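Student: Sharing a model prediction with you, sequence too.
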Amino acid sequence: TTMATQSSSSKFRTYAQDKEAIKRFLQEYMTANNDVGGSRFKYLEIMQKIANRQATQLVVDLEDLRDYDDSLASAVQGNTFRYIGLFADVVEEIKPAPTTELIDNTVLDVFIQHRQMLQQNAAEVQGQGQEPRQRYPPELLRRFEVVFSLPPLEKPRSIRQVEATHIGKLVRVAGIVTRATPVKPAVTVATYACEQCGTEIYQTITGPTFMPKTECVSQDCQTNRQSGRLHLLTRGSRFERFQELKIQEMAAHVPAGSIPRTMTVHVRGEATRAAAPGDIVTITGIFLPVPHQGFRQIRAGLLSDTFLDAMVIEKEKRAYSEHVITDAMRDEIEARAQDSDIYDQLAGSLCPHIYGHDDVKKALLLLLVGGTERRMADGMHIRGDIHICLMGDPGVAKSQMLKAIADLAPRGVYTTGRGSSGVGLTAAITRDPITNEMMLEGGALVLADMGVCCIDEFDKMDEGDRTSIHEVMEQQTVSIAKAGITTSLNARASVLAAANPLYGRYNPKKTAVQNINLPAALLSRFDLLFLLLDRPDMDADLRLATHITYVHTHNDFPPLEHTPLEKDFVRNYVSLAKNANPTISNELTEYIVGVYVHMREQEQEGGEAVTYTSARSLLAVLRLSTALARLRFSAIVEQADVEEALRLVHASKESIADTDTKAKRVKNSSNEIFTIITNLAREKDTSNVNMQEARTRSERRGFTPEQFEACLDEYESMNVWQVNAARTRIDIIDA
């Protein structure tokens, strides 16, 4: 019987055994020291920092605890809330003395020191010694918090997978933050003072609500048979930061035909402000029921709500400003930046599984990098974000490119036109369920602030909802005047839109303007507008079909000319490139002005224009040029950057050109290149034309190198000009 009793008692853990095991773990656990070699006492070092006020968190890794004592680690994961208090008590006992002088005392430190001195003086007068800690609640004197973290290899659960068996346990949950309340102070220890005897009374708050004390229960008031009134001392009370988050299941975790589930998350202390609406997060915390009291308990009946008491919040994708780039990664990026074809490598790495669309991928890379933002002395603001619209036939991989960019961008939001309303894109007025106040809830464009907002099925949006984007695309703000709230929210996002033509497919019998069917006020806000057509072409169809079948067969993209770079490398490269702030020289300014005037002249001579060339088109060229200079980490925009920007603008316009016009242009390409070369000779007032300059001007007008060489050979055979042996100069015989 005695043996059975001993064996049964050994199955149960006691406070004394657990505290002794925790004490040994904190004092004895050692880990490898990567800096100088050897080993170090990991948790003793953290406790020393806590004593020196250099740290406020004791993060206990359950993987370390499992290596040291597997049974204790299992007990902590199964009953986490209890072990937080045990670890805190043990740290208070074995915490070393400060090794540095504490200079910056807080108000609460001064308050506690003053009370301890008063108590010690009173004890000396009465001849009774008393430890001050016995009177003060330990939560009032504690200057740290205990946090448990799960091993990184443990897979996070979806909200749907957190069940009743996980109540009280430490779980890791993945989701997207949909709402975050402002951070407010929550009282943890309330301090009262009696107006009769002056005694201080302390009340530890453990739940979401509490009943304040009103009558003094000290020995003095009981002896004198008085019931002194208590007054709350705010300066002597202990407060901590509190924030409530709402997380929602990610789309990948929602079963077909189901609605995404949500979960309430309570965040305290150092973990507050770690996530904002729109962030994809993984939260480690304790799954607990909500203790209802009073009228709420009567209303709830037998039902109970649950929440997650957060400890560690990890963001899946960090903003560009939060990226921490190591020295090794910085060196690799700077070495790669010297490659002459880094522009093509980065563009080809965006979505290598999609065949073709080289110019579109280059434009999307510049959208990620962005141009330079300008702010004038008088407060005028010129945006640096680049907006792109992809319009084309069904099945040309528009949506796939949008998904790839939304996944690659650190702050990318993907939405569809039919499933989005005007307030869903900008901002909506809601009522806060906690404070019952009216509050603003940001839409997709506000959530994508300092990121990319991808809008699919742009043509399916209602006209009224589409007009709400106009202000965001140019002024980059969302102005609200609803329910007594008049404000302006930041929406500094690049807009990447995808749309189908008016008739579903491009109708060659209609003009381009009739096919696009978007208002000019909206089209002019897009820096680039690409038209992706699905025309029958035997060679192109053969290559495309080979690519698609290879992807399906091998579950990977076929070998490319450049090996695609890793996503993390592209993110870090873009993050570093965004720090550059290139400027444009005076000589280049004159060149850009001349090109813009020439574009306007061409539009006037060409009759009906597909896109309206305005001052916004000039700003688009400047933004694309500065983005290209950023890719080279250059402080000055070069002429090659401007020429590549003009080539992209012309390529986008060339894709919009009507089929007949395009065919006619191909037929007369030699005549137009001849006109370009003779005009260049007339400008220089010479019969000798530089070959590279003529080639660059022809390519900028949208002609290929093959067409340029064909024109040279054709007119050289007609003895109109001669080309030197080195092919560097054109000598016009009859100019």
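Tutor: Structure's in. What do you need? Here the structure is a predicted model, which is why all the values come from computation and not from measurement.
Student: Would you mind writing the CA trace of the lengthiest strand in the chain as PDB?
Tutor: Identified as the longest strand of the chain according to DSSP state E is strand 230-248. Taking C-alpha atoms only, strand 230-248 is exported to PDB below (Å, rounded to 0.1, in the frame of the first residue of the first chain):
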ATOM      1  CA  LEU A 230     -10.500  54.800   0.400                       C
ATOM      2  CA  HIS A 231      -9.200  56.900  -2.400                       C
ATOM      3  CA  LEU A 232      -7.500  55.500  -5.500                       C
ATOM      4  CA  LEU A 233      -3.800  56.600  -5.800                       C
ATOM      5  CA  THR A 234      -3.100  56.600  -9.500                       C
ATOM      6  CA  ARG A 235       0.600  57.400  -9.100                       C
ATOM      7  CA  GLY A 236       1.100  54.500  -6.700                       C
ATOM      8  CA  SER A 237      -0.800  52.000  -8.900                       C
ATOM      9  CA  ARG A 238       0.700  49.700 -11.500                       C
ATOM     10  CA  PHE A 239      -0.500  49.800 -15.100                       C
ATOM     11  CA  GLU A 240       0.500  47.900 -18.200                       C
ATOM     12  CA  ARG A 241      -0.100  48.400 -21.800                       C
ATOM     13  CA  PHE A 242      -3.100  46.600 -23.200                       C
ATOM     14  CA  GLN A 243      -4.400  46.100 -26.800                       C
ATOM     15  CA  GLU A 244      -7.000  43.900 -28.400                       C
ATOM     16  CA  LEU A 245      -6.500  42.300 -31.800                       C
ATOM     17  CA  LYS A 246      -8.900  40.500 -34.100                       C
ATOM     18  CA  ILE A 247      -7.400  37.800 -36.300                       C
ATOM     19  CA  GLN A 248      -9.100  36.000 -39.100                       C
END
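Student: Tell me the strands beside that strand, with direction?
Tutor: Here strand 230-248 has these sheet partners by DSSP bridges: strand 170-180 (antiparallel), strand 184-194 (antiparallel), strand 262-268 (antiparallel).
Student: Average pLDDT for the first one, rounded please.
Tutor: The predicted model assigns strand 170-180 a mean pLDDT of 87.
Student: Ok, the shortest one next?
Tutor: Across strand 262-268, the average pLDDT comes to 91.
Student: now that strand, how far from the centre of its chain.
Tutor: 20 Å (Cα atoms, centre = their mean, to the nearest Å).
Student: ok, the closest residue to residue 51 other than its chain neighbours - how many residues close by?
Tutor: With sequence-adjacent residues excluded and distances taken as Cβ to Cβ, 6 or more residues apart in numbering, residue 51 is closest to residue 98, at 4.8 Å. Every C-beta, even on glycine, is put in place using the N, C-alpha and C of the backbone. Counted with other Cβ atoms under 10 Å, the neighbours of residue 98 add up to 13.
Student: average model confidence for the longest strand of the chain?
Tutor: Per-residue scores along strand 230-248 average to 86.
Student: in it, what's buried?
Tutor: Judged by neighbour count (16 or more other Cβ atoms under 10 Å), strand 230-248 contains these buried residues: 230, 236, 237, 238, 242, 243, 244, 245, 246, 247, 248.
Student: show me where the stretch 351-500 of the chain has strands.
Tutor: 374-375, 381-382, 388-392, 412-416, 427-431, 438-442, 452-456, 477-482, 485-490, 494-499 (DSSP state E, counting those that start in this stretch).
Student: How about the stretch 601-735 of the chain?
Tutor: Per DSSP E, counting those that start in this stretch, the stretch 601-735 of the chain carries strands over the ranges 688-690, 721-723, 729-732.
Student: my guess is residue 63 is in a helix, correct?
Tutor: Yes - the assignment for residue 63 is a helix, going by DSSP: H, G, I helix; E, B strand; the rest coil.
Student: check contacts around it.
Tutor: For residue 63, the contacting residues are residue 151, by Cβ atoms under 8 Å, 6 or more residues apart in numbering.
Student: do residue 190 as well
Tutor: Residue 190 neighbours (Cβ under 8 Å, 6+ apart): 202, 203, 205, 210, 212, 213, 232, 237.
Student: Among those residues, which one has the most neighbours?
Tutor: Counting by other Cβ under 10 Å, residue 237 has the largest number of neighbours within the contacts of residue 190, with 20 neighbours.
Student: What's opposite the residue nearest to that one when sequence neighbours are not counted in the beta bridge?
Tutor: Of all residues beyond its chain neighbours, the one nearest residue 237 is residue 191 (4.7 Å), with distances taken as Cβ to Cβ, 6+ apart. Residue 191 has these beta-bridge partners by DSSP bridges: residue 202, residue 233.
Student: do residue 157 as well
Tutor: residue 173.
Student: nearest to residue 414, of the contacts of residue 190?
Tutor: Nearest to residue 414 out of the contacts of residue 190 is residue 205 (Cβ to Cβ; 42.5 Å).
Student: which ones are touching residue 159?
Tutor: Shown in contact with residue 159 (Cβ under 8 Å, 6+ apart): 173, 175, 247, 248, 249, 253, 261, 262, 263.
Student: and if you look at residue 426?
Tutor: Residue 426 touches 443, 445, 446, 468, 472, 478, 480, 489, 491, counting by Cβ under 8 Å, 6+ apart.
Student: So which of the strands of the stretch 601-735 of the chain is nearest residue 224?
Tutor: Nearest of those to residue 224, taken as Cβ to Cβ: strand 688-690 at 106.4 Å.
Student: and that closest one, average pLDDT?
Tutor: In this model, strand 688-690 carries a mean pLDDT of 86.
Student: can you give me the offset of it from its chain's centre?
Tutor: 51 Å.
Student: From the contact counts, what lies against that strand?
Tutor: The criterion is 3 or more Cβ pairs under 8 Å, 6 or more residues apart in numbering; DSSP states H and E, and the helices and strands that strand 688-690 contacts are helix 669-684, strand 729-732.
Student: quick revisit: nearest to residue 19, out of the buried residues of strand 230-248: which one, please.
Tutor: Nearest to residue 19 out of the buried residues of strand 230-248 is residue 238 (Cβ to Cβ; 23.9 Å).
Student: picking that back up, JSON lines please, covering the strands of the stretch 351-500 of the chain and showing distance to residue 402.
Tutor: Converted to JSON lines, those look like this (distance: least, Cβ to Cβ, whole Å):
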{"stretch": "strand 374-375", "distance to residue 402": "28"}
{"stretch": "strand 381-382", "distance to residue 402": "26"}
{"stretch": "strand 388-392", "distance to residue 402": "8"}
{"stretch": "strand 412-416", "distance to residue 402": "6"}
{"stretch": "strand 427-431", "distance to residue 402": "23"}
{"stretch": "strand 438-442", "distance to residue 402": "21"}
{"stretch": "strand 452-456", "distance to residue 402": "4"}
{"stretch": "strand 477-482", "distance to residue 402": "22"}
{"stretch": "strand 485-490", "distance to residue 402": "23"}
{"stretch": "strand 494-499", "distance to residue 402": "5"}
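Student: I'd like to know which of the ones you listed lies nearest to residue 721.
Tutor: Taking the strands of the stretch 351-500 of the chain one by one with Cβ to Cβ, strand 388-392 is closest: 40.0 Å.
Student: strands paired with that closest one, and their directions?
Tutor: Strand 388-392 has the following sheet partners, assigned by DSSP bridges: strand 494-499 (parallel), strand 528-532 (parallel).
Student: most neighbours per residue, which of these?
Tutor: Most buried of the strands paired with strand 388-392 by mean neighbour count (mean count of other Cβ atoms under 10 Å) is strand 494-499; its value is a mean of 26.
Student: That one versus strand 452-456: what angle between them?
Tutor: With axes from the mean of the first three to the mean of the last three Cα atoms, to 10 degrees applied, the angle from strand 494-499 to strand 452-456 works out at 10 degrees.
Student: What helices and strands are in contact with the helix or strand following strand 494-499?
Tutor: Later in the chain than strand 494-499, the nearest helix or strand by DSSP states H and E is helix 512-516. In terms of contacts (3+ Cβ pairs under 8 Å, 6+ apart), helix 512-516 is packed against strand 528-532.
Student: Now do the buried residues in whatever helix or strand comes next after the strand it packs on.
Tutor: Per DSSP H and E, the first helix or strand lying C-terminal to strand 528-532 is helix 538-554. Neighbour-count burial for helix 538-554 flags 547, 551 (criterion: 16+ other Cβ under 10 Å).
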